[in-house]
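J.: let me see the structure of the following:
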Amino acid sequence: MKKISLFVVTLAFIASSLTAQNQSMDSLSYSVGVLIAQNLKQQGLTEVKTADVASGIADALSGDLKMDMQKVNQTFQSHMQALQAKQFEGIIKEGADFLAQNGKRPEVTTLASGLQYEILKEGTGPKPSATDKVTTHYHGTLINGKVFDSSVQRGQPATFPVNGVIQGWVEALQLMPVGSKWKLFVPYNLAYGERGAGQDIKPYSTLVFEVELLEIL
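T.: As a prediction, the model looks like this:
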């Protein structure tokens with residue numbers, strides 16, 4: 001009789017341990033789900049099919065993915081970029097409208113890339129290549145006129161590689177003879193794009209620069 005009682009007690013202990021383990025795993029799994037959801041919400045992603053999310057987690061844990069990782073990353077990044085673009089669509093439209101009107105001025109040239117420039121002073125020196133280093137004076141503003149950076153105001157010219165700056169500058173500098181001063185109107189995709197820069201340059205900002213090419217080093 002005592003042996004039977006001991007066996008029953010042992011079974012009860014095992015069952016209790018398994019239940020505790022299951023409850024612990026339930027809590028852990030739920031916590032993982034909450035943390036994933038909070039991370040997605042912080043990134044602006046609030047609408048997903050939770051069943052497919054669970055399927056993706058299960059497949060990733062088992063190593064049996066239905067999509068290759070390149071496709072997974074591309075899908076996620078494309079969607080997040082679209083969400084961000086929607087968030088900043090006012091800035092995008094403001095920049096596009098500005099460039100459309102600015103491009104109508106006869107003194108403004110619009111290149112195939114979308115970069116616009118106005119020649120304030122025509123130089124007579126050589127033109128730099130992408131691999132050259134140059135010295136310039138510049139004055140950078142938002143399209144509302146707010147200054148975000150200016151070597152002119154600092155009173156100190158800036159020296160840098162041509163291919164080490166934003167794409168709009170890279171393109172323009174190679175067209176400018178030394179001694180030139182141009183005004184550049186740079187679409188967001190040739191500036192800091194969807195990232196922005198610092199406190200003043202928000203994502204998708206169109207920028208304006210006055211650039212004077214002083215010398216090629």
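
J.: the protein: helices as residue ranges?
T.: With DSSP state H as the criterion, the chain has helices at 2-42, 50-62, 69-87, 89-102, 151-154, 167-173.

J.: redo those helices as CSV? Include mean neighbour count.
T.: C-beta: built from backbone N, CA, C; applies to glycine. CSV is the format used below for the helices of the chain (neighbours: other CB atoms under 10 Å):
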stretch, mean neighbour count
helix 2-42, 10
helix 50-62, 11
helix 69-87, 12
helix 89-102, 15
helix 151-154, 13
helix 167-173, 22
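
J.: find the nearest non-adjacent residue to residue 149, please.
T.: residue 140 (4.5 Å; CB to CB, 6 or more residues apart in numbering).

J.: what pairs with that neighbour across the strands?
T.: With DSSP bridges as the criterion, residue 140 is bridged to residue 149, residue 209.

J.: cool, residue 161 as well?
T.: Going by DSSP bridges, residue 161 forms beta bridges with residue 133.

J.: pLDDT score assigned to the residue nearest to residue 149?
T.: Looking at residue 140, its pLDDT is 97.

J.: now it: how far from residue 47?
T.: 38 Å (CB to CB, to the nearest Å).

J.: so residue 213 bridges to which residues?
T.: In beta-bridge terms (that is, DSSP bridges), residue 213 pairs with residue 136.

J.: that one: what's it in contact with?
T.: Listed by CB atoms under 8 Å, 6 or more residues apart in numbering, the contact set of residue 213 reads 123, 125, 128, 134, 136, 173, 176-181.
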